[in-house]
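Asker: sharing a model that was predicted from the sequence below.
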Amino acid sequence: MLKLSQNLLALGLTKKLSNANTSRESLLSRATDSKRLVPMENEKLNFSIVENLKEVIFQTDQAGQLTFLNSAWTEITGFTLDESLGKNFLEFIHPDDRLLHWEKFQSLVESHQDQCRYHLRCLTKNGSLGWLEVYACVILIEGNGAIVISGTLNDLSGHKHREQLLIAQQAAINVLAESTSLKEAIPKVLQAICENLEWVRGEFWSAAEQAKTLRCLESWQIPVVPLSEFENATRNITLAPGIGLPGRVWVSGEAIWSADLTKDSSFCRTKIAAAVGLHAAFAIPIIAEDEMLGVMLFFSHSSQQPDTDLLQVMAVIGCQLGQFIKRKQAEEELQRQNLSLQFQLHQAAEYVRSLLPAPLTGALTIEQQFVPSLQLGGDIFDYYWLDANNLVVYLLDVAGHGVRSALLSVSVLNLLRTQSLYNTDFYQPWTVLAELNRVFQINDNGNDYFTIWYGVYNQLNRKLVYACAGHPPGILLSAHPDAAPIIELSTANLPIGILSDSEFDDDSCEIQPGSTLYIFSDGAYEIPHPIDKNWELKTFVKFLADYQNSGNGNLEEVLDYIQSMNNNKALDDDFSLLKVNFA
């Protein structure tokens, strides 16, 4: 350190600390008084104050050589004053920030500005990077007119580090939100962490299904860093659980930090790491639903002590990555299942068709048409005699398409066909709907609900009792003079599964001889129409009535007409149509 009287040329800066309510700029201006130093009355007292400050007081000459530093410099950088004084300030600044610093100092020296403030990264003795807030001003020394630069350095490392951790975490979250596959996401997550937290290489290790060894499946490294030799060595090795950093984390489920790999006997790539200058490393587990999914491993060129804040943030990222992996695994499994299901959709449709009842013959007849869509919807129907005089007929439509909807419809059919519902009078439609609503409830994804039309016809008293839960109405057509030609049979009930506490009502009507009842799903009329754009229910009902009155009424002809109207393309929804002919 230079002599006390020389060092105290810069100590006018310390007067700014004497009044906490006065700004740094105001006090510095007073201390320097038109860029000229005010002599200190008590150099020893001021020197004691300066030495106990938590911020660095510095002074350089015009060339940037450090001529004064207080002890806070050593606390922040690790370099002693003897190691630092006489050297150019640039030597302690990160190479990428040296131009910024030089331009700021030159602007002061050339009197383009009186003072400046900026942030830069500094090099520390242990090899890690620190962040400094630099505040500097020009001072003219009386007598010889020499120019020196004096100012303060505040340690921003903690604040910047926390800021970088949050940025890295958000970057990783964004990657996971935007990625569509593990192959895309994992290298980008490694990159986001390395670039934002200044680690030179990241790896993802995992074990293949049923495998007993770990392999590095993905990696990313700073492009300008020559690590190809390390990369090649990594690709050619496998690790047993418990061996190396990845293996140890895999077994323990806990993060591990190695301050210096070259001195870590448990690390399997020590020689090659030393050759390429890798020192510190840490590894974290990727766990979801208590399942070990992988290990992320990161490397630095400098030796670094364990960083609790970093490990906490990495634990959060690891948790999010684990959830992403599980979600993508589920999606991939679902895709595999869907491919298989698509291949088997025809067989599944045939299975549903095989469960449907045969046309009913006798005094009372029932005709049917069922055409599943390519996606296989959730239509199904059934009819059977409860006893010698009471006939059940129903048609239901599960929301959505695919095997899931079809399986749910089959489940309902089995429950009704075997009369396995509890507390249910199958002669009373409202009790059937109420119990179905208790058993089946909509899930969180808005699936697993269905509409249904359910009726019981007594052929002795010619009474039809029916209930409708969100389903298209049954259409009763009659030519009897005492009956309306078209009657819509419906009740105002919600679909099954929408609300757990829904109440259900039924209704009844007398069936005149020669009447016809049509029961159908919405797939019968929600199709494009060359004139009306899309059929509405009333249009379809009128079509049925006109067709019935024409003397045709054959369901195959009805289906042929609808398919021709759809340009003979596959229907978007299941087509289900029942025709009940009453004697």
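Answerer: Okay, I see it.
Asker: which residues does Leu391 contact?
Answerer: Counting by CB atoms under 8 Å, 6 or more residues apart in numbering, Leu391 touches Leu364, Tyr383, Tyr384, Trp385, Val456, Tyr457, Gln459. (C-beta placed from N, C-alpha, C; glycine too.)
Asker: what's the closest of these to Glu91?
Answerer: Tyr383 (92.9 Å; CB to CB).
Asker: ok, how many other residues are close to Gln419?
Answerer: Look at Gln419: counted by other CB atoms under 10 Å, it has 11 neighbours.
Asker: look at it and give its secondary structure.
Answerer: For Gln419, the secondary structure call by DSSP: H, G, I helix; E, B strand; the rest coil comes out as coil.
Asker: picking up where we left off before, quick one, which of the contacts of Leu391 are buried?
Answerer: Taking 16 or more other CB atoms under 10 Å as the criterion, what is buried in the contacts of Leu391 is Leu364, Tyr383, Val456, Tyr457, Gln459.
Asker: restricted to strands, list these.
Answerer: Per DSSP state E, strands hold the following members of the buried ones among the contacts of Leu391: Tyr383, Val456, Tyr457.
Asker: show me the shaky parts of the stretch 401-550 of the chain.
Answerer: Within the stretch 401-550 of the chain, the segments meeting pLDDT under 70 span 529-534.
Asker: could you pull out the helices in it for me?
Answerer: 403-417, 429-439, 537-549 (DSSP state H, counting those that start in this stretch).
Asker: check which residues of the last one are buried.
Answerer: For helix 537-549, the neighbour count (16+ other CB under 10 Å) marks Leu537, Phe540, Val541, Phe543, Leu544, Ala545, Tyr547, Gln548 as buried.
Asker: in TSV: those residues, plus distance to Ser179.
Answerer: Output for those, formatted as TSV (distance: CB to CB, whole Å):
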residue	distance to Ser179
Leu537	45
Phe540	46
Val541	50
Phe543	50
Leu544	52
Ala545	56
Tyr547	54
Gln548	57
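Asker: out of these, who's nearest Gly523?
Answerer: Phe540 (10.9 Å).
Asker: dump the ones in strands among the buried ones among the contacts of Leu391 into TSV; add distance to Ser128 as well.
Answerer: TSV is the format used below for those (distance: CB to CB, whole Å):
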residue	distance to Ser128
Tyr383	80
Val456	82
Tyr457	85
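Asker: what does the model give Gln113 for pLDDT?
Answerer: On the pLDDT scale, Gln113 is placed at 76.
Asker: quick check, it in a helix?
Answerer: No. Assigned with three-state DSSP, Gln113 falls outside any helix and is coil.
Asker: so Glu103, which of the three states?
Answerer: Going by three-state DSSP: Glu103 is helix.
Asker: nearest spatial neighbour of Ile287, skipping sequence neighbours?
Answerer: Of all residues beyond its chain neighbours, the one nearest Ile287 is Gly322 (5.4 Å), with distances taken as CB to CB, 6 or more residues apart in numbering.
Asker: now that neighbour: which helix or strand?
Answerer: Per DSSP states H and E: Gly322 is located in helix 308-355.
Asker: what are the phi and psi angles of the residue nearest to Gln305 when sequence neighbours are not counted?
Answerer: Among residues not flanking Gln305 along the chain, Ala259 sits closest, at 5.6 Å (CB to CB, 6+ apart). Geometry field for Ala259 lists phi and psi as phi -70, psi -30, criterion degrees, to the nearest 10.
Asker: still on that earlier bit, redo the helices of the stretch 401-550 of the chain as a markdown table? Include distance to Phe298.
Answerer: Putting the helices of the stretch 401-550 of the chain into a markdown table (distance: least, CB to CB, whole Å) gives the following:
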| stretch | distance to Phe298 |
| --- | --- |
| helix 403-417 | 42 |
| helix 429-439 | 52 |
| helix 537-549 | 63 |
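Asker: of these, which is nearest Ala467?
Answerer: helix 429-439 (3.6 Å).
Asker: can you check what angle separates that closest one from helix 403-417?
Answerer: With axes from the mean of the first three to the mean of the last three CA atoms, to 10 degrees as the basis, helix 429-439 and helix 403-417 are set at 130 degrees to each other.
Asker: helix 429-439: which residues count as buried?
Answerer: In helix 429-439, counting by 16+ other CB under 10 Å, buried: Pro429, Trp430, Thr431, Val432, Leu433, Ala434, Glu435, Leu436, Asn437, Arg438.
Asker: could you dump those residues into CSV with distance to Val580 added?
Answerer: Shown next, in CSV, are those (distance: CB to CB, whole Å):
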residue, distance to Val580
Pro429, 15
Trp430, 20
Thr431, 22
Val432, 18
Leu433, 20
Ala434, 24
Glu435, 24
Leu436, 22
Asn437, 25
Arg438, 28
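Asker: ok so, going back, need the next SSE after the helix holding Gly322, C-terminal direction.
Answerer: Following helix 308-355 in sequence order, the next helix or strand is strand 365-371 (DSSP H and E).
Asker: ok, residues contacting that next one?
Answerer: Defining contact as CB under 8 Å, 6+ apart, one finds that strand 365-371 is touched by 352-353, 356-357, 359-360, 379, 381, 383, 393, 555-556, 558-559, 571, 574-581.
Asker: go ahead and build a PyMOL selection from the buried members of those.
Answerer: In PyMOL, selecting the buried portion of the contacts of strand 365-371, with burial taken from 16+ other CB under 10 Å, looks like this:
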select buried, resi 352+356+360+379+381+383+393+555+558+559+571+574+575+576+577+578+579+580
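Asker: where does the stretch 101-250 of the chain have low pLDDT?
Answerer: For the stretch 101-250 of the chain, the stretches flagged by pLDDT under 70 are 112, 143-145, 209-211.
Asker: now the strands for it?
Answerer: 115-123, 129-140, 147-155, 201-206, 215-221 (DSSP state E, counting those that start in this stretch).
Asker: now, of those strands, which is deepest in the fold?
Answerer: Mean neighbours per residue, mean count of other CB atoms under 10 Å, is largest over the strands of the stretch 101-250 of the chain for strand 201-206, with a mean of 24.
Asker: now do the helix holding Gly322: distance to the chain's middle.
Answerer: What separates the centre of helix 308-355 from the centre of its chain is 14 Å, taken as CA atoms, centre = their mean, to the nearest Å.
Asker: can you check stretch 372-392 too?
Answerer: Offset of stretch 372-392 from its chain centre (CA atoms, centre = their mean): 42 Å.
Asker: enumerate every residue touching Cys216.
Answerer: Cys216 touches Glu203, Phe204, Trp205, Thr234, Arg235, Ile237, Pro246, counting by CB under 8 Å, 6+ apart.
Asker: hang on, the earlier thing: out of the buried ones among the contacts of Leu391, which comes closest to Met296?
Answerer: Tyr383 (60.8 Å).
Asker: thought the closest one was touching Pro359?
Answerer: No. Look at Tyr383 against Pro359 with CB atoms under 8 Å: they stay out of range, at 9.7 Å.
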